[in-house]
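S.K.: predicted structure and sequence below. I'll ask about it afterward.
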Amino acid sequence: MIDAALGHIANQLNQALQRRFRIAEDLVVLSNILEQDGSMATHIADKLVMSLVNIEKEMVTMRHAQHAGAAKAAVTNPPVCLNLSVMFAANFSGANYAEALKFISSTIGFFQSRPVIDHQNTPDLDARIEKLTLEIQNLGITELNNLWGILSGKYQPSILYKVRMLTLDAGEIAGETTPVLEPWAATHA
C-alpha cells in the first residue's frame, strides 16, 4: 500500500506540473537518487525525484472487535498506522539550476493548495486509502546534512514532507471474544 500511496501522490503532482508548464513528459519520478552501486540513477536527469526516506509508526493503540452476534465477537489486531517521510529533490544540473528552484517552488505551491488528498478531491485514490495529509518537515542544516549523507548524495534543492497517515490492516481474525454487555442491556434484552 505504500507504493500505491506514493505512486498516487507522484501522479497527482506530475499532472499538476504538466498542466502548469504545458509539458507532456513526466516531470516527477518516484525513485532513489542513487543506484545501489552508488552511481547516479540515469532516469532522473532533469526530473523532480520523489523518494521515501523514512517510515515511522503512528502510536495508535486500539483493538478492533467485529460483533458477530450477542454471544461472540471476532477480534482483529489493530491496524498499523504509518507516517512516511518523503523527499522531493530537483535533480537539475548546471545551467538548469533555475529549473530546479522552479520545480521545488511549484511542488510547495501544489501541496499548499492541496494538503489533503482524499476521495472527494481525488476520486481515483486507491480505495484502501482513506486520505493522505502532507505537511512540510523543517530540517536544520545539520539534519539536512545528515539526511543527504545517509542518501550518499550531494545536496540538491529539496523539501521534506511528512505524509500522514497510511493505515495498513490485513483484516485477519486474531481470535474470538464474548462481548461484555452492560447490566441493563443483559436484563432487558
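M.R.: Good, I have the coordinates. Numbers count the residues shown, from 1 in each chain.
S.K.: next helix or strand past the longest helix along the chain?
M.R.: Using DSSP state H, we find that the single longest helix of the chain is helix 2-21. For helix 2-21, the following helix or strand on the C-terminal side (DSSP states H and E) is strand 28-30.
S.K.: not counting sequence-adjacent ones, nearest residue to the residue nearest the centre of the chain?
M.R.: Centroid-nearest residue in the chain, with C-alpha atoms, centre = their mean: Val163, separated by 4.2 Å. Distance criterion C-beta to C-beta, 6 or more residues apart in numbering; nearest residue to Val163, sequence neighbours excluded, is Leu84 at 4.2 Å. Every residue, glycine included, has its C-beta placed from N, CA and C.
S.K.: with Val116 instead?
M.R.: Using C-beta to C-beta, 6+ apart, the nearest residue to Val116 is Thr133, at 5.2 Å.
S.K.: right, and that neighbour touches Arg114 too?
M.R.: No: counting by C-beta atoms under 8 Å, Thr133 stays clear of Arg114, with 10.4 Å between them.
S.K.: re earlier: show me what the longest helix of the chain is packed against.
M.R.: strand 28-30, strand 47-57, strand 80-91, helix 97-113, strand 116-118, strand 131-136, strand 158-168 (3 or more C-beta pairs under 8 Å, 6 or more residues apart in numbering; DSSP states H and E).
S.K.: on that earlier part again, quick one: the residue nearest to the centre of the chain and Glu56, what's the gap?
M.R.: Look at Val163 and Glu56: by C-beta to C-beta, to the nearest Å, they are 11 Å apart.
S.K.: swap in Ile9?
M.R.: Taking C-beta to C-beta, one finds Ile9 at 17 Å from Glu56.
S.K.: in terms of neighbours, single out the busier of those two.
M.R.: Ile9 (24 against 11; other C-beta atoms under 10 Å).
S.K.: contacting residues for the more buried one?
M.R.: Ile9 sits next to 50, 86, 117, 132, 134, 163 when contact means C-beta atoms under 8 Å, 6 or more residues apart in numbering.
S.K.: partners of the residue nearest to Val116 in the sheet?
M.R.: Val116, Arg164 (DSSP bridges).
S.K.: export stretch 149-160 as PDB, just CAs?
M.R.: What follows is stretch 149-160, C-alpha atoms only, in PDB (Å, rounded to 0.1, in the frame of the first residue of the first chain):
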ATOM      1  CA  GLY A 149      24.800  11.900   4.000                       C
ATOM      2  CA  ILE A 150      22.500   8.900   4.600                       C
ATOM      3  CA  LEU A 151      21.300   9.100   1.000                       C
ATOM      4  CA  SER A 152      25.000   9.200  -0.100                       C
ATOM      5  CA  GLY A 153      24.300  12.100  -2.400                       C
ATOM      6  CA  LYS A 154      25.300  15.700  -2.900                       C
ATOM      7  CA  TYR A 155      22.800  18.300  -1.900                       C
ATOM      8  CA  GLN A 156      20.100  19.200  -4.400                       C
ATOM      9  CA  PRO A 157      17.300  21.700  -3.900                       C
ATOM     10  CA  SER A 158      14.800  19.700  -1.900                       C
ATOM     11  CA  ILE A 159      12.000  19.700   0.500                       C
ATOM     12  CA  LEU A 160      10.800  17.000   3.000                       C
END
